[in-house]
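Asks: can you look at this prediction? I've put the sequence above it.
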Amino acid sequence: MTGLWILIAVVVVIALWLVAVYNGLIKLRNRTQEAWSDIDVQLKRRHDLIPNLVSSVKGYMTHERELLENITKARSQAMDAQKSGDTAALASAEGALGGMLGKLQIAVEAYPDLKANQNVAQLMDELSDTENKIQASRRFYNGQVRDFNTKLESFPTNMVGSTLHFKKFDFFEIEDSAERENVKVEL
């Protein structure tokens, strides 16, 4: 009779452990998906700001028409990548868009009348704020991915995770190696 109680106790302990591991994985997966959603929201905000900014500066910047067209094209590619759900493609498209927006900020500096325009100044401030929020959201997402992947790869959770078909998340990384290089400042 005592052996039966020990067996029942062992089964109950194993069942409780499995429930705890499963719930921990679900919790981390949901946090990671929420973090991705935060990036998504900020990217949507960025994509909504760009047409307003482009139309505001178009009249002033006749020489930079190609830059404005490239920004519009990059925005479209980023939105398509966002819809596809492919993290690597989205990171690449958003990196290209971010680079072009940086060029736009430099171009705006060259036009004193444009810089003084309240609407453009407000849009540039909002865009800058959005870029900061995107960067913070990416860091938070990558932290959640790190935590989830570490938990998923750790023993003995990895046995439960692979049995229940949990998959690792991809980090949000810079695809273009040129963006990793130091900025060259020449005086």
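Replies: Perfect, thanks for sending it.

Asks: elements contacting the top helix by length along the chain?
Replies: Counting residues, the longest helix in the chain under DSSP state H turns out to be helix 2-58. With contacts taken as 3 or more Cβ pairs under 8 Å, 6 or more residues apart in numbering; DSSP states H and E, helix 2-58 sits against helix 65-84, helix 87-109, helix 118-153, helix 157-163. For every residue, glycine as well, the C-beta is placed using N, CA and C.

Asks: repeat that for 7 Å
Replies: helix 65-84, helix 118-153, helix 157-163 (3 or more Cβ pairs under 7 Å, 6 or more residues apart in numbering; DSSP states H and E).

Asks: I'd like those as TSV, with mean pLDDT, distance to residue 52 and mean neighbour count appended.
Replies: Converted to TSV, the helices and strands packed on helix 2-58 look like this (pLDDT from 0 to 100; distance: least, Cβ to Cβ, whole Å; neighbours: other Cβ atoms under 10 Å):
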stretch	mean pLDDT	distance to residue 52	mean neighbour count
helix 65-84	84	12	16
helix 118-153	88	6	16
helix 157-163	90	45	15
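
Asks: out of these, nearest to residue 111?
Replies: helix 118-153 (9.0 Å; Cβ to Cβ).

Asks: now the closest one against helix 87-109, angle please.
Replies: 160 degrees (axes from the mean of the first three to the mean of the last three Cα atoms, to 10 degrees).
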